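**Q** sequence and predicted structure below; questions after.
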Amino acid sequence: MPPPRTGRGLPWLGLVLSSVCVALGSETQANSTTDALNVLLIIVDDLRPSLGCYGDKLVRSPNIDQLASHSLLFQNAFAQQAVCAPSRVSFLTGRRPDTTRLYDFNSYWRVHAGNFSTIPQYFKENGYVTMSVGKVFHPGISSNHTDDSPYSWSFPPYHPSSEKYENTKTCRGPDGELHANLLCPVDVLDVPEGTLPDKQSTEQAIQLLEKMKTSASPFFLAVGYHKPHIPFRYPKEFQKLYPLENITLAPDPEVPDGLPPVAYNPWMDIRQREDVQALNISVPYGPIPVDFQRKIRQSYFASVSYLDTQVGRLLSALDDLQLANSTIIAFTSDHGRQSMDLVELVSLFPTLAGLAGLQVPPRCPVPSFHVELCREGKNLLKHFRFRDLEEDPYLPGNPRELIAYSQYPRPSDIPQWNSDKPSLKDIKIMGYSIRTIDYRYTVWIGFNPDEFLANFSDIHAGELYFVDSDPLQDHNMYNDSQGGDLFQLLMP
């Protein structure tokens with residue numbers, strides 16, 4: 001199995017901002033304080049840049065591609081942590097994981113770190129009707145089992161009733177029996193309730209748009225889709241778009257040269273699926289059989305195309321209701337990779353506020369645990385070049401000065417059962433990544449989970465990859481940079 005790409009992420013602003021992609025519609029702009037713009041924030045789960053708008057020749061994503069063609073598309077955008085709950089809390093509050101102190105799924109930032117404002121909360125406090133559909137905040141403890149209600153939302157958030165079947169035995173295998181598989185193309189009529197979560201979320205979102213058509217208040221609607229997150233449970237007709245004979249293998253399936261064991265992800269969540277268990281793959285470095293690799297990629301691409309149809313239905317409704325010209329559309333993934341300047345998902349908060357004509361929250365002091373409203377991300381308005389919008393003085397003019405930061409926790413120096421998603425109490429090591437246009441530098445250091453303290457003098461391992469000569473980050477140069485040569489190597 002390929003290792004994780006620590007520090008990679010992508011977004012779009014119509015805005016296509018994506019940790020995978022962000023698209024922001026650059027033609028939409030508020031003219032006055034009385035002409036408020038609506039906001040449609042689309043969040044998808046685990047989307048990588050397997051889209052036509054990112055140059056993928058195989059994947060069929062016509063609706064997202066069309067949105068991107070009218071949007072500002074970011075190709076170097078980074079999530080601050082590649083785990084669902086920490087990533088979503090980070091970009092929805094505009095704070096980094098070391099500020100939210102959420103690295104796992106098991107705490108609520110308002111009581112655990114600070115009573116930080118969120119993007120929808122800020123819009124709600126500025127006269128917007130704010131609504132949540134599907135997986136926006138990660139459900140559970142990390143959003144107080146309420147999706148951060150009532151702070152963030154004007155109404156109780158909507159979750160599709162069929163969500164509860166996502167990881168159950170609804171995948172019919174070659175033996176004719178139902179299994180909890182990784183690969184799960186289904187006949188929608190045969191699954192419980194005869195529908196799927198993302199289809200239900202689209203239908204609910206369209207109903208809300210219809211109600212807001214006649215509202216006197218602007219709206220902020222966040223729609224969270226489950227796909228293409230595993231399991232790859234999607235209508236089986238989408239599998240036909242990708243014949244196995246057309247599916248190529250990943251371009252870099254091998255472990256990068258010199259990769260430290262602490263950086264390797266053993267993908268234990270995937271290994272727990274019944275069809276993967278049947279392969280008897282050795283832990284942690286056993287390779288997946290080539291034919292199954294093709295099936296995984298086939299189902300991932302099919303899940304992306306299924307997602308694309310849901311996005312298309314949502315955007316068509318926005319057009320039909322004549323709301324498109326007055327709505328900012330932001331499309332992003334919580335983690336996944338995306339040439340333009342490097343940006344971070346924590347920039348979503350100030351950028352959406354600025355595009356909507358609201359006052360951009362101030363930059364956070366250090367530390368900022370006592371500050372409810374501030375932001376750690378940069379304001380990206382300069383990329384839209386609106387003459388009457390204030391630019392962020394913190395944006396450097398030299399692209400070589402741009403840096404994106406991300407982090408990832410580990411319980412051990414070697415891969416083990418909880419390496420992918422360690423609980424806070426088990427985190428012993430924190431990996432911090434710096435990404436510039438020239439290189440990605442990661443250092444894995446000791447971490448004290450009781451005090452939330454990283455010890456930069458306790459270095460366990462490091463990684464250094466040069467982007468121009470090694471775009472897939474397959475050759476770790478960190479050990480070659482020791483002995484005082486590191487900063488010389490990193491100088492432009």
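**A** Structure received. Residues are numbered from 1 along each chain as shown.
**Q** who are the packing partners of the longest strand seen in the chain?
**A** If you go by DSSP state E, the chain has its longest strand at strand 453-466. Secondary-structure packing of strand 453-466 (3 or more Cβ pairs under 8 Å, 6 or more residues apart in numbering; DSSP states H and E): strand 429-435, strand 439-448. Quick note: C-beta positions are derived from backbone N, CA and C, even for glycine.
**Q** would you mind listing the buried residues in it?
**A** 454, 460, 461, 462, 463, 464, 465, 466 (16 or more other Cβ atoms under 10 Å).
**Q** could you export the helices and strands packed on strand 453-466 as a markdown table, including mean pLDDT?
**A** Shown next, in a markdown table, are those (pLDDT from 0 to 100):
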| stretch | mean pLDDT |
| --- | --- |
| strand 429-435 | 96 |
| strand 439-448 | 96 |
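**Q** for residue 270, which three-state class applies?
**A** Per DSSP: H, G, I helix; E, B strand; the rest coil, the secondary structure class of residue 270 is helix.
**Q** what's the spacing between it and residue 247?
**A** Residue 270 sits 18 Å away from residue 247, going by Cβ to Cβ, to the nearest Å.
**Q** which residues sit in contact with the residue minimising distance to the centre of the chain?
**A** The residue lying closest to the centre of the chain (Cα atoms, centre = their mean) is residue 334, at 1.4 Å. Residue 334 makes contact with 19, 43, 44, 45, 46, 79, 84, 87, 88, 91, according to Cβ atoms under 8 Å, 6 or more residues apart in numbering.
**Q** against residue 187, how distant is it?
**A** 29 Å.
**Q** before we move on, what about residue 262?
**A** Using Cβ to Cβ, residue 262 is found at 43 Å from residue 187.
**Q** quick one, which of these two is more surrounded?
**A** Neighbour count, other Cβ atoms under 10 Å: between residue 262 and residue 187, residue 262 has more, with 23 against 11.
**Q** isn't residue 276 up against residue 269?
**A** No - the criterion here is Cβ atoms under 8 Å, and residue 276 misses it with residue 269 at 9.8 Å.
**Q** return the set of buried residues in stretch 116-129.
**A** Buried positions in stretch 116-129, judged by neighbour count with 16+ other Cβ under 10 Å: 116, 117, 118, 119, 120, 121, 122, 123, 124, 128, 129.
**Q** now do stretch 434-443
**A** For stretch 434-443, burial by neighbour count (16+ other Cβ under 10 Å) applies to 434, 435, 436, 437, 439, 440, 441, 442, 443.
**Q** isn't the fourth one right next to residue 404, touching?
**A** Right, residue 437. No - here residue 437 does not reach residue 404: they are 9.8 Å apart, not a contact under Cβ under 8 Å.
**Q** so which of the helices and strands packed on strand 453-466 gets nearest residue 227?
**A** Among the helices and strands packed on strand 453-466, the nearest to residue 227 by Cβ to Cβ is strand 429-435 (26.8 Å).
**Q** and that closest one, which strands flank it?
**A** strand 404-410 (antiparallel), strand 439-448 (antiparallel) (DSSP bridges).
**Q** so what touches that strand?
**A** Contacts of strand 429-435 (Cβ under 8 Å, 6+ apart): 6-8, 76, 78, 103, 262-263, 342, 403-413, 440-447, 454, 460.
**Q** quick one, what contacts the nearest residue to residue 235 once chain neighbours are set aside?
**A** In space, and not counting its chain neighbours, residue 235 is closest to residue 188: 5.2 Å by Cβ to Cβ, 6 or more residues apart in numbering. Contacts for residue 188 (Cβ under 8 Å, 6+ apart) come out as 194, 195, 196, 199, 235.
**Q** look up phi and psi at the first one.
**A** In terms of degrees, to the nearest 10, the main-chain angles of residue 194 are phi 70, psi 30.
**Q** in space, what's closest to it - neighbours in sequence excluded?
**A** Among residues not flanking residue 194 along the chain, residue 188 sits closest, at 6.5 Å (Cβ to Cβ, 6+ apart).
**Q** now the strands paired with strand 429-435 as CSV including distance to residue 145?
**A** Shown next, in CSV, are the strands paired with strand 429-435 (distance: least, Cβ to Cβ, whole Å):
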stretch, distance to residue 145
strand 404-410, 23
strand 439-448, 27
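**Q** what's the most buried one of those?
**A** Mean neighbours per residue, mean count of other Cβ atoms under 10 Å, is largest over the strands paired with strand 429-435 for strand 404-410, with a mean of 24.
**Q** now it, how far from the chain's geometric center?
**A** 14 Å (Cα atoms, centre = their mean, to the nearest Å).
**Q** report the angle between it and strand 453-466.
**A** 120 degrees (axes from the mean of the first three to the mean of the last three Cα atoms, to 10 degrees).
**Q** contacting residues around strand 404-410?
**A** 4, 6-7, 9, 76-83, 96-98, 103-104, 262, 342-344, 419, 422, 427-436, 444, 447.
**Q** just checking, what packs against the longest helix belonging to the chain?
**A** Counting by DSSP state H, the longest helix found in the chain is helix 290-320. Packing contacts for helix 290-320, counted by 3+ Cβ pairs under 8 Å, 6+ apart, involve strand 38-44, helix 62-69, strand 183-186, helix 197-212, strand 219-225, strand 232-235, strand 327-333.
**Q** now it: buried residues?
**A** So helix 290-320, judged by 16+ other Cβ under 10 Å, has buried residues 292-315, 317-318.
**Q** sorry, back to before: which neighbours do residue 437 and residue 404 have in common?
**A** Jointly contacting residue 437 and residue 404 under the rule Cβ under 8 Å, 6+ apart are 76, 342.
**Q** outline the domain layout of this protein.
**A** Per the record, the chain has its domains at 11-394, 400-490, by automatic domain parsing.
**Q** so which of the ones you listed is the most packed in?
**A** For those, average neighbour numbers computed from mean count of other Cβ under 10 Å are highest in domain 11-394, which has a mean of 20.
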